[in-house]
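With the sequence up front, the predicted model follows.
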Amino acid sequence: MASSESTEEDNFLQRHVAFFDRNKDGIVYPSETFQGFRAIGCGYLLSAFASLFINMGLSSKTRPGKGFSLSFPIEIKNIHLAKHGSDSGVYDKDGRFVESKFEEIFAKHSHTHPDALTGKELQELLDSNKEANDRKGAIAAYTEWKILQYLCKDKNGLLHKETVRAVYDGSLFEKLEKQTASKKHP
């Protein structure tokens, strides 16, 4: 199998995005992004912002050779084409998980706790990944990490390593959806 033909099972980036494909047709529309964010416990405003920001930003990149679409669909099979700069490098150019880059996040930036990041350490990570003249990538990275921190920090404000790994492989979203549902229907 050629590297650009990875399946969703071995492609963490596709698995990460597939959660938001609520009808499982391989395409994520803004309404599905909104529903996914609501399902993981985000409020209406954040969910609406995220659905517009994400779909408008990624749609055309995941649809090579296709014209502009006002429905802003994201094609999951091509999500690796929308990988932004100023990121951690944990996903390679084909969307696969790079263990060494993941471990590097904590080796370089978790000074207080070996398996967690404080808010200050998270900011250090974002600053160190920021590429020159990459405002869009830096904004995307900042937004992704700050939403993760908002949703998943513990009572001490720490973002744990296993939580970060779970967001990369997509399993965190299913866990958050179950937690959110159990709060609504105890």
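Structure received. Residues are numbered from 1 along each chain as shown.

Below-threshold pLDDT in the protein: ranges please.
1-10, 186 (pLDDT under 70).

other SSEs contacting the longest helix along it?
Counting residues, the longest helix in the chain under DSSP state H turns out to be helix 135-152. In this structure, helix 135-152 makes packing contacts with helix 44-58, helix 119-129, strand 159-160, helix 161-169, helix 171-184, judged by 3 or more CB pairs under 8 Å, 6 or more residues apart in numbering; DSSP states H and E. Where you see a C-beta, it was placed from the backbone N, CA and C, and this is true even at glycine.

Single out the most deeply packed of the ones you listed.
Among those, ranked by average contacts under mean count of other CB atoms under 10 Å, first place goes to strand 159-160 (a mean of 20).

Not counting that strand itself, show me its contacts.
Counting by CB atoms under 8 Å, 6 or more residues apart in numbering, the neighbours of strand 159-160 from elsewhere in the structure are 115, 116, 117, 122, 148, 149, 152, 153, 154.

Would you format the residues you listed as JSON lines with distance to residue 130 included?
As requested, the contacts of strand 159-160 are exported to JSON lines (distance: CB to CB, whole Å):
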{"residue": "115", "distance to residue 130": "24"}
{"residue": "116", "distance to residue 130": "22"}
{"residue": "117", "distance to residue 130": "16"}
{"residue": "122", "distance to residue 130": "13"}
{"residue": "148", "distance to residue 130": "17"}
{"residue": "149", "distance to residue 130": "17"}
{"residue": "152", "distance to residue 130": "22"}
{"residue": "153", "distance to residue 130": "22"}
{"residue": "154", "distance to residue 130": "26"}
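
Neighbour-wise, which one of these leads?
Neighbour counts for the contacts of strand 159-160, by other CB atoms under 10 Å, peak at residue 117, which reaches 27 neighbours.

Leaving out the residues flanking it, which one is nearest to it?
Ranked by CB to CB, 6 or more residues apart in numbering and with sequence neighbours excluded, the top spatial neighbour of residue 117 is residue 159, at 4.7 Å.
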